[in-house]
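**Student:** Any chance you could fold what I've pasted below:
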Amino acid sequence: MGSKSNFFANLLQTSIDKKSILAGKVLHAYILRANLLTNTFLCNRLIELYSKCNDPTSAHRTFDQTPQKDIYSWNAILSSHCKAGNLAFARKVFEQMPERNVVSWNNLISLLLKNGYQEKALDVYKLMVLEGFLPTHVTFASVLSACGSVLDLQLGKRCHGLAIKIDLDKNIFVCNGLLSVYAKCGIMREAVKVFEDIDEPNEVTFTAMMGGLGNIDGVFEALEMFRIMCRKGVRMDSVSLSAVLSVCAKGGEYGEFGCYEENDRFLSNVVLGEQVHGLAVKLGFECDLYLSNSLLDMYAKNGIMKSAETVFHNLGKVSVVSWNIMIAGYGQKGKSEKAVECLQRMQWCGFEPDEVTYINMLAACIKCGAIETARQMFDSMTCPSVISWNAIISGYSQNENHKEAIELFRKMQFQNVKPDRTTVSIILASCAGMDFLEGGKQVHAASQKAALHTDNYVASGLIGMYSKCGKINMAECIFSYVPELDIVCWNSMIAGLSLNSMDKEAFMLFKQMQQCRMLPTEFSYATVLSFCSKLSSSFQGRQVHSQIIKDGYENDVFVGTALVDMYCKCGDIDGARKYFDMMPVRNTVTWNELIHGYAQNGCGDEAVRIYHDMIASGGKPDSITFIAVLTACSHSGLVDMGVRIFNSMQSDHGLEPELDHYTCIIDCLGRAGHFHDIELLMDTMPYKDDPIVWEVLLSSCRVHGNVSLAQTAAEELLRLDPSSSAPYVLLANIYSSLGRWDDLEAVRKLMSDKQIVKDPGYSWTEDKEQDTNTSALICIRNQSVHVLQAVLKTVTKITPENAKRNDMRQSQQNDFWLVSVHNDAGKLELSMSTMCPDYVLQTMMVTKIYHKVKRNASLHA
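**Tutor:** Predicted coordinates for the structure are as follows:
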């Protein structure tokens, strides 16, 4: 009897291995005739056979006919239901089991995971451990996969600890699971440690590492991992090749040309993607749909749509994902017509567009500025999800139609679509864009109601909204209540302080951020350099530059542009040029900053030379470029060059001159006294009714004493902007320079009668500790009594007889009187506003300061 049972058992095992259900049923019939169904072992083999051959009904019938069921019988039928995906039956069998082992738990966990119930799978695992069962490598593989899916890092770490305790931490399945958890949670430092401890990594190991590094934008490191994989001779499958292609698709974010450096060679990520494409063909994966979609995605995201089209047309089988990638690629390139055509072809081929299709179409229309087309498509959607709402609202916000964005947000709420953190952030940006503080407060209240206000993404939006609406105290309050600040919140708060002219506070917050061990990003450095520029603080700017080099951001084009701007505005044009020449990548903004820096520092010839270098290097000048170079020509008297560049805007570069360009060329002509050319130009230009143009002309008339044209310009200015002080001051300066005191007095009286006051000027002084803003104040570097004595002596020379004339001449210095005295001890700058022109009061002010300083000096003697 025993030999017969073994004979049938061996034959059944052969049928199981070959998945031969017909042979298995013949054997089942022989077992019945031989009256061997009482043999539990043979029944278990029959259940396993039907399970492997996807016949759960026969498996269950055999299980029911088994007279003496053991744990293997229960596990066999449980496995059958799990394989068939019958979750309800599987759970019922699991609950009815008289006893369970690790295999039983593994089957249920695996089935829950397969059906997308990751959280329930983790709950079953926790119950298994509580009941005293030790997990196996199979358990850990399933549980760690679930942890990665729901980003449960804490449970993943506990699994890691338990794996070490029971000596499973070297198992390749467990290691790959741990790698996946750490990589998906962005903890790449731990992932690298696990990777380094693996003796023989396989394709799954490298795929997990490449995916994790790609997710944190470690493009160079991910590609290096692929090269290690190739050198080690690890077998490649379609999944690992898809992983490296997804990394190549991210390459555009690494630089303007999507390049990385290795051995002094620059290799484009697109070229690497093409090499992987060739390898895929060589390995015979060109028909794999998953890999083909990854190739499409790589070419589309890098903007190589011709290659994407070639891959698409050669696909043997196309899916909705393939069509969606093509539509997104056309949208990214701004080709909305091609995207629409692709959608129509997709529908003609019998594919039903899904929500991703419509979202990609919305993005394509918005990218091209066809917001109305996007709106029509959105309105045609029967039940748009929150992602679709976010796409259309974002489109209106990006096109600065903030009112419509807010209206859509209200409509979204009326349709009971719950906004997410992205929605709230977009609406907050729209409220900030239109200075709609009340609306922002309402969104703030709604975010609190939805428990989103502590989310870093939303908190950053709230900080930005309150900052832009001038409520910096509220922004600081929100910042202080965020439980775990991320770099985006820090950047928003720093930018908000700078926006509200609190540059010193912004710089202090930047230092505090570093003390909290928060690593600055490119945006952090660009922001902090911007307010170093506004403060004209080269000392602080150089400190930041040193930190940038230390953190490895010196090659970033945005940080580099901010550095060039900072050095230019601090007057260190040589430092700006030196850094500019070292930059590996420059964009149009970088060129503009250097041209503008030379213009502002009086180096017009060099600015024009840089402009020509830009064009020669293939750079495309924009409207800002022409403003900068025309300003340089104006300040340096390069009239002919300025006219040539102005005329080349439309003829050579296809740019229509705007108001700022006309203002610059009028200033250039005016400084040279070419008033006839100005009048001819103003007759044809479309900006005659703009006050700035007339103000520039009036200023030129003051320089050349052209009274008649100045009076015409002043009349136009008063007509366009009656409250402006500029025409009065400029006209008064002209009369003062020509000695026409009566006309000057009349202008000043008219200004006084209309209660028009000129804003006081200010100047900056800097030391290593602080910057001081001097406006109608005394600023003393080194308090020196004899310096003040000299100033007092100068001031007291003003007599009542010449006070009036002296007061009139002060108008030539922008209504400020500046006395500068230099000596070995230091420098004194005394600025007094002519709002208080009384020479007696001025004398009293200086005398009072003189005695105070003298008293302080005697105390320290």
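
**Student:** By mean pLDDT, point me to the weakest helix or strand of this protein.
**Tutor:** Taking mean pLDDT, DSSP states H and E as the measure, the chain has strand 816-823 as its least confident helix or strand, at a mean of 34.

**Student:** what's the nearest residue to residue 503 if we skip its chain neighbours?
**Tutor:** Setting aside the residues directly before and after it, residue 503 is nearest to residue 531 in space (Cβ to Cβ, 6 or more residues apart in numbering), at 3.9 Å. C-betas here are computed from N, CA, C, even on glycine.

**Student:** and the one you found, what does it touch?
**Tutor:** Neighbouring residues of residue 531 by Cβ atoms under 8 Å, 6 or more residues apart in numbering: 498, 503, 506, 507.

**Student:** now do 6 Å
**Tutor:** Going by Cβ atoms under 6 Å, 6 or more residues apart in numbering, residue 531 touches 498, 503, 506.

**Student:** Let's verify it: helix, strand, or coil?
**Tutor:** At residue 531 the chain is in helix, as set by DSSP: H, G, I helix; E, B strand; the rest coil.

**Student:** thinking again about what came up before, so can I have JSON lines of the contacts of residue 531 showing pLDDT and secondary structure?
**Tutor:** Formatted as JSON lines, the contacts of residue 531 follow (pLDDT from 0 to 100; DSSP: H, G, I helix; E, B strand; the rest coil):
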{"residue": "498", "pLDDT": "87", "secondary structure": "helix"}
{"residue": "503", "pLDDT": "83", "secondary structure": "helix"}
{"residue": "506", "pLDDT": "88", "secondary structure": "helix"}
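
**Student:** Make a ChimeraX selection of the buried ones in the residues you listed.
**Tutor:** Buried residues within the contacts of residue 531, by 16 or more other Cβ atoms under 10 Å, are selected in ChimeraX with:
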select :498,503,506
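
**Student:** mind listing what the residue nearest in space to the middle of the chain touches?
**Tutor:** Nearest residue to the geometric centre of the chain (Cα atoms, centre = their mean): residue 523, 8.0 Å. Residue 523 makes contact with residue 491 under the criterion Cβ under 6 Å, 6+ apart.

**Student:** Counting neighbours, which bits of the helix or strand where it lies end up buried?
**Tutor:** Using DSSP states H and E, residue 523 sits in helix 522-534. For helix 522-534, the neighbour count (16+ other Cβ under 10 Å) marks 522, 523, 524, 525, 526, 527, 528, 529, 530, 531, 532, 533 as buried.

**Student:** Make sure the last one is actually in contact with residue 568.
**Tutor:** No. Residue 533 is not in contact with residue 568 according to Cβ atoms under 6 Å; the separation is 8.0 Å.

**Student:** hmm, back to that, could you identify the helix or strand that succeeds the helix holding residue 523?
**Tutor:** helix 538-551.

**Student:** So which residues make contact with that next one?
**Tutor:** By Cβ under 6 Å, 6+ apart, helix 538-551 touches 525, 528, 529, 532, 554, 559, 566, 570, 572.

**Student:** Distance check, residue 695 against residue 716.
**Tutor:** The spacing between residue 695 and residue 716, counted by Cβ to Cβ, to the nearest Å, is 10 Å.

**Student:** quick one: common contacting residues for these two?
**Tutor:** With Cβ under 6 Å, 6+ apart, residue 695 and residue 716 have no common neighbours.

**Student:** Enumerate every residue touching residue 156.
**Tutor:** 147, 181.

**Student:** how close does it get to residue 182?
**Tutor:** For residue 156 relative to residue 182 (Cβ to Cβ), the value is 7 Å.

**Student:** do the same with residue 636
**Tutor:** Separation of residue 636 from residue 182 (Cβ to Cβ): 59 Å.

**Student:** Which one's more surrounded, the two?
**Tutor:** Shown here are residue 636 and residue 182; by other Cβ atoms under 10 Å, residue 182 has more neighbours (28 against 21).

**Student:** roughly how far is the helix or strand that the more buried one is a member of from the heart of the chain?
**Tutor:** Using DSSP H and E, residue 182 sits in helix 172-184. Distance of helix 172-184 from its chain centroid, counting by Cα atoms, centre = their mean, to the nearest Å, is 29 Å.

**Student:** Spatially nearest residue to residue 122, not counting backbone neighbours?
**Tutor:** Nearest non-adjacent residue to residue 122, counting by Cβ to Cβ, 6+ apart: residue 146, 5.3 Å away.

**Student:** contacting residues for the one you found?
**Tutor:** Per Cβ under 6 Å, 6+ apart, neighbours of residue 146: 113, 118, 121, 122.

**Student:** Which one of those residues sits in the busiest neighbourhood?
**Tutor:** Within the contacts of residue 146, residue 121 tops the neighbour count with 24 neighbours, counted by other Cβ under 10 Å.

**Student:** Show me what the helix or strand following the helix holding residue 182 is packed up against.
**Tutor:** Downstream of helix 172-184, the first helix or strand assigned by DSSP H and E is helix 188-196. Contact here means 3 or more Cβ pairs under 6 Å, 6 or more residues apart in numbering; DSSP states H and E; on that basis helix 188-196 packs against helix 172-184, helix 203-215.

**Student:** what sits up against the first one?
**Tutor:** Which is helix 172-184. Outside helix 172-184, the residues that reach it (Cβ under 6 Å, 6+ apart) are 137, 140-141, 144, 147-148, 156, 160, 163, 168, 190-191, 194, 198, 204-205, 208, 212.

**Student:** In PyMOL, select just the buried ones from these.
**Tutor:** Remark: buried members of the contacts of helix 172-184, expressed as a PyMOL selection using 16+ other Cβ under 10 Å:
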select buried, resi 140+141+144+147+148+156+160+163+168+190+191+194+198+204+205+208+212
